[in-house]
Each structure stands twice: as C-alpha cells, then as structure tokens.
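> My questions concern the predicted model and sequence given below.
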Amino acid sequence: MAEEAKSLNFIEHIVEEDLREGYTQKDLRFRFPPEPNGYLHIGHASSICLNFGLGLRYNAPVNLRFDDTNPAKEEKEYVEAIKKDVSWLGFEWDTECYASDYFQQLYDWAVMLIKDDKAYVDSQSSEEIASQKGTPTEPGKESPYRNRSVEENLKLFEGMKSGEFKDGEHVLRAKIDMASSNMLMRDPVMYRVLHKAHHRTNTDWCIYPMYDWTHGESDYIEQVSHSLCTLEFLPHRELYNWFLDQVVSSDKLRPKQREFARRNLSHTVVSKRKLLQLVEKGLVTGWDDPRMPTISGLRRRGFTPESIRNFADTIGIAKRENVVDVSLLDFHVREHLNKIAPRVMGVLNPLKVVITNYEQGKEEWLEAENNPEDESAGSRQIPFSRELYIEQEDFREEANRKFFRLKLGGEVRLKNGYIIKAESCTKDDDGNITEVQCTYDPKSKSGSGTEESLRKVKGTLHWVSIPHAITAEVRLYDRLFTDATPDSHKDKDFLDFVNPDSLQKVTGYLEPSLKDSKIGDQVQFQRLGYFNVDKDSTPENLVFNRTVTLRDTWAKLEQKG
RNA sequence: UGACCCAUGGUGUAAUUGGCAACACAGCUGGUUUUGGUCCAGUCGUUCUAGGUUCGAGUCCUAGUGGGUCAACCA
C-alpha cells in the first residue's frame, strides 16, 4: 500500500500478530458475506472497505460470498444489485461464492455429526423448543428427543432431506449444552424443513442449513483466514468454533471470527426493515431514492466511490459504539467533487436584472474557466445580454457592510462578466421585488486586463442570461430525518422524525452549455453546490440532483444574526 | 438476577504494545481569492471514577460507575 506510515486498526493488529506468529502472507484470505435479501447501504460500505482494504493491504484474495441459506427472503435481483454496488465502489473480488454451493458438503458433515452422537432430530414445535431454551439467567431443559438412537436420527434426517415431512415437523439440532450461559450453545438448530424453491438450487433441497452451521464451515471450505463480522455476532463465536472443531483437519487453515462495531451514521437509519418501511410507505421513491443511505441511493445522489472509500478510511474501525456525523460524509464528497466537477452557472431562485446602459438585443460571449482546481479542464463560452437572472437572496434594497452582495447604490461583479451597480428596483403590489435596474461598467470586463477590470469589488455573483437560459428540474435534498439518531428513542417511532422538507423541487435557469448534459454528469453550480444529472433526466426535461451544498459560512453568519 | 463486550475532545479514529496524548471532521479567528467555495495560518478542547503495580499508566491489575449484547425453525 501507498501509505506506510498509516496507523493500524485493531483488526490489522490482529493480522500483524498472526503474521508474526506463523501465518504467511499466502494464508491470508478475506470475504464479504452479504445475504441477498436487500440492498447494500452505507454500513455495508464500511465492511466492504474493511475486507477489501485488507485484501489490498496484504495482497490477499477477497471472496464475495452470498449467504443464501434462507430462500424465503432471498432473490437473484439482490445478488445482481449487490455485485453492482461492490464493483461500483471499486473493488474486485477473487471468487464469487454462494453458501448454497456447499449444501451437499454441509449435509454430509451433518450426517457425520449424527453418527458421532453430536446432533439429533427434534420433533417438537418451534414454540416447545423455545420454551425449553431457558433465559439468560436460567438454564434450559433437554428435549425429550435428545437421546434418540443414531439409527433413528439418521433415518429421520434422511427423511427430512427426501421430502417426507412438512415444514416445521422436525429440525436437526446440535447436541451441546442446554445449561450453557451462552444461549446459542443450548442445542442450536442446524437444519429446518422448508419446502420453498431457492434462487439457485431451485427445489433440489427442502431442508436448509441455519446461519451458524453454515457460516464458519463456509469460511473453512473457502479457507478464509479472518472472518470479520459485527459485534452482535460476538456470542456466536463460541458456536462458530464448536462447529469448526467438528470438521477441521490439522493440515488446513482454521478460520478466525473477529468482531467490530457497526458504523452508525447520524440522521439516518440503516436497518433493512426500516429502509423497507420508508419505501413501502412511499416516504421515498424507492431503494435508490437519492435520500436513501443505500449505496444505490448515494450513487444516484452523486456521491463518488472515492468519496465513500475515503469516508470509510477516515472513520476507521473499532469496537465501541459510535454515531458518525453525516457532515463527515459531506466533507468527503465535497473534497472529491471540488477537484473534478466542472464549474457552471445556474440560478434557482430567479430575480430579473436589467442592465439599462447595455444595448438592447446585443449578445456577447464571455470566456469562463471550467475548473480553477484543474487547469487542464480548459474554458468555455457563456452568453451575456441586457437581461439576466440572479438569485433573489443576492439582492437587498439596503444592507450592512457584511452583506457582500448587491444592494441599491452598491456594486458587485458578475462572475466572468462585468461590474454592475444597482440603481433602482421595482416591486409588485405585495412589496416583493420583481426587477432590479442596474448599470454596468463597459471597461470592467473580466480578463480584459483594463484598469477597471482589475478593480476589486467585494461581491461576485453567479448569473444567467435570460434569453439564453435553459430550464431544468432541480431537486434539492435535505436530511431524511430531523433527529441525529431517529431509531434510538424508546418512546418514539423513527418515522416520527422523518423530515417533511427532505425534498424540494424547483425550476433552475441554467447556462446553455448544460443543454447536452447526460445522466450521471457532475457539475458545480457556482456558489450553490454540487449537482448531478438524475436518471429521470431526458434531453427535453433535464433533471438535476443537488448532491451537497457548498460550505456556507455566510449562512452561518446570518443564522447568528 | 447470569454470561460476555465496551469506555480517549462536540464527532470518529490513533498513540512505536508501559515512555512528550496525535490525525481528520466540526467550531472559532485571521489571510488569500472574480465562488462567503478552494487554499493557507492560527486557535479551541480529551484519557469515566477510586485505588494499586511502576522511575514512569490512556495502555497492566482490582473495585465501582455508565453504556451495550445475548432467549428466530432470520442473517
């Protein structure tokens, strides 16, 4: 990796220690194991960056493994969406794996466990099994079926597999310890009967292995060295190891499960169940709504893979609970877009300006720099004329010295154009300002080199020539939730905090160079923010999303009053 | 009436494994700027508490406090 000096996170320390104590670089292998039952979100992005980042750092393979053991919830559509998201983030997996590819091996191992008297078929209902489980403070009771003979267990398990039983009639359980202080060790279920077609194995199987039985064994089959998961799986580690103990051979690598704290982002939710509610209740337009914290939503909103990767690197990984402020994500996308987004001009809240001493019907094409951060970006021509739009917020009849914009009797520069002076304004019957009459200094043209053009005026405004302007739908987004941690209130539902103003649609008046914008194009509307062209956009009806505003110290000043 | 995990600025993460508490974001002040953007400089502020070990503790030990996790035929 490029940065040698970078400090290590605790997972990297674990790997370093393993490397010192006998692992070779060739032993290292990681995996990202999503269940294909929904869309990936920003929390997954951290896990992806962690696992694939480790792969890059140690030049080790990383598998993309679909944990597809529950056909009731999983679909091929999600597999495709997940692959797209991981690729978009910029990572390449070594092998595309499916837990369902291991169904036969898992079955054979289960038969082996039965023969070793370490697993048995339980014929009780799930309610009965649950009632015998005990509580965290009281031990459980053993099932009346716990001591069935090996022969009977073999016969029943075979019957489960061959479809002789209905859903729920029997389960296969590991015979461990009903008195363990770890609830997961109290004879966990390994297999259930489920007559449901699987998106890959179709109807080949009517019994499906449970997560705990599948995950560690899959890691072992793939020879994953470090199996990283979130903290809620910590109690599963004991069981992960118990299952591994039953099958590992000494000439193969034994995977390790290690746990890290899930990253929480402020002002949003990431549980699939809650995201689904937002979609189903129509509070957003879909999984890829630009307000959603899904990877597809972030992509549509205009976030770049680089910005998300940098964000994940910056927040790092640890074991304590955390809430990362979204403003850090904003910072990273601004940081990246500042370097790559061409500057253009557009007015979202128009106020008409007439330059009274500018010739009627005249048009002029001015040169405008495309990106001050990138000389190779070159320049373009923008049209200037007698009638322009500026933002309503950029004009006041009177204002104090802190207001660097246009006021009666005051001067500002029009970006890439001339210095103008506001002489008068007209209002409608309600007192709203409808037009500002200005004069311009013909010798002050930007880049002309004249003494007047070099004059310093305090404010510079963006603008657009009315006769040349094109229109577009512009979608302005705000946080989806008004509360930093909407799902952490015991007395309130997270939906109570949905921000009613999270989407605002306006008509934008844009410089004509934007006419041929294509879906996905990213620009900076100067002084307003970074925008991209939404997938709803057509050549006739352009649609822009505001990815993020620019940093706005003026807004802060004004708030303070 | 248990087991386990965690505790460093407003936020997130570091600290050469016991040796000057650092980085980024946010905030604040100033400079540069034809974007109140960018950039530059400065500033703010922290090891949960009480003991102990040690020449030396964010790091090790003990106790406490606070937060979290665990009882799906989900993953």
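Thanks, I have the structure now.
> buried sites along the helix or strand A:Leu113 falls within?
For A:Leu113, the element it lies in under DSSP states H and E is helix A:103-115. Residues of helix A:103-115 classed as buried: A:103, A:106-107, A:109-111, A:113-114 (neighbour count, 16 or more other C-beta atoms under 10 Å). C-beta: built from backbone N, CA, C; applies to glycine.
> Name the nearest of these relative to A:Ser181.
Comparing the buried residues of helix A:103-115 against A:Ser181 with C-beta to C-beta places A:Leu113 closest, at 23.0 Å.
> quick one: contacts for the residue nearest to the closest one when sequence neighbours are not counted?
The shortest distance from A:Leu113 to any non-neighbouring residue, by C-beta to C-beta, 6 or more residues apart in numbering, is to A:Ala119 (4.0 Å). Contact analysis of A:Ala119 by C-beta atoms under 8 Å, 6 or more residues apart in numbering lists A:110, A:113, A:153, A:172-175, A:190.
> Tell me if I'm right that A:Val121 and A:Glu158 touch.
No: counting by C-beta atoms under 8 Å, A:Val121 sits too far from A:Glu158 to count as a contact (10.0 Å).
> neighbour-wise, which of these two wins?
Higher neighbour count among A:Val121 and A:Glu158: A:Val121, with 24 against 13, using other C-beta atoms under 10 Å.
> which ones are touching that one?
A:Val121 neighbours (C-beta under 8 Å, 6+ apart): A:145, A:148, A:152-153, A:156-157, A:160, A:170-173.
> ok, and the closest non-adjacent residue to the closest residue to RNA strand B within chain A?
Closest to RNA strand B within chain A is A:Ser446: 2.4 Å, counting by C-beta to the nearest atom of the strand. Distances taken as C-beta to C-beta, 6+ apart put A:Asn416 closest to A:Ser446, at 5.0 Å, once the chain neighbours are dropped.
> How about A:Ile129?
That would be A:Asp122: by C-beta to C-beta, 6+ apart, it lies 6.4 Å from A:Ile129.
> I figured that neighbour hits A:Asn147, correct?
No: between A:Asp122 and A:Asn147 there is no contact under C-beta under 8 Å: 11.2 Å.
> just to revisit the earlier point, count of residues packed around the residue of chain A closest to RNA strand B?
A:Ser446: 18 neighbours (other C-beta under 10 Å).
> Quick check: phi and psi on it?
In terms of degrees, to the nearest 10, the main-chain angles of A:Ser446 are phi -50, psi 130.
> so who does it touch?
Shown in contact with A:Ser446 (C-beta under 8 Å, 6+ apart): A:366-367, A:413, A:415-418, A:453.
> Restrict the helix holding A:Leu113 to CA atoms and write it as CSV.
What follows is helix A:103-115, C-alpha atoms only, in CSV (Å, rounded to 0.1, in the frame of the first residue of the first chain):
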residue,chain,number,x,y,z
PHE,A,103,-25.3,-27.6,0.7
GLN,A,104,-24.1,-31.1,0.0
GLN,A,105,-20.9,-30.8,1.9
LEU,A,106,-22.8,-29.3,4.8
TYR,A,107,-25.3,-32.2,4.7
ASP,A,108,-22.6,-34.8,4.7
TRP,A,109,-20.9,-33.2,7.7
ALA,A,110,-24.3,-33.1,9.5
VAL,A,111,-24.6,-36.8,8.9
MET,A,112,-21.2,-37.2,10.3
LEU,A,113,-22.2,-35.3,13.4
ILE,A,114,-25.2,-37.5,13.9
LYS,A,115,-23.0,-40.6,13.7
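> where along chain A do the helices fall?
The residue ranges that make up the helices of chain A, judged by DSSP state H, are A:10-20, A:42-57, A:76-88, A:103-115, A:126-131, A:150-161, A:211-222, A:236-247, A:272-280, A:295-301, A:305-315, A:326-340, A:553-560.
> Are the shortest one and RNA strand B in contact anywhere?
The reference is to helix A:126-131. Yes: using C-beta under 7 Å from any atom of the strand, helix A:126-131 reaches RNA strand B at A:126, A:129-130.
> hmm, back to that, take the helices of chain A and lay them out in a markdown table including distance to A:Val498 and mean pLDDT.
A markdown table is the format used below for those (distance: least, C-beta to C-beta, whole Å; pLDDT from 0 to 100):
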| stretch | distance to A:Val498 | mean pLDDT |
| --- | --- | --- |
| helix A:10-20 | 35 | 94 |
| helix A:42-57 | 18 | 97 |
| helix A:76-88 | 24 | 97 |
| helix A:103-115 | 42 | 98 |
| helix A:126-131 | 35 | 96 |
| helix A:150-161 | 45 | 98 |
| helix A:211-222 | 32 | 98 |
| helix A:236-247 | 34 | 97 |
| helix A:272-280 | 8 | 93 |
| helix A:295-301 | 15 | 98 |
| helix A:305-315 | 24 | 97 |
| helix A:326-340 | 16 | 97 |
| helix A:553-560 | 24 | 86 |
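> that older thread, just the buried residues out of the residues of helix A:126-131 next to RNA strand B, in ChimeraX syntax.
Entered in ChimeraX, the line below selects the buried ones among the residues of helix A:126-131 next to RNA strand B, by 16+ other C-beta under 10 Å:
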select /A:129
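> Any chance of JSON lines for the residues of helix A:126-131 next to RNA strand B, columns distance to A:Gly302?
Putting those into JSON lines (distance: C-beta to C-beta, whole Å) gives the following:
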{"residue": "A:Ser126", "distance to A:Gly302": "46"}
{"residue": "A:Ile129", "distance to A:Gly302": "50"}
{"residue": "A:Ala130", "distance to A:Gly302": "47"}
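> What is the nearest of the residues of helix A:126-131 next to RNA strand B to A:Pro255?
Nearest to A:Pro255 out of the residues of helix A:126-131 next to RNA strand B is A:Ile129 (C-beta to C-beta; 28.6 Å).
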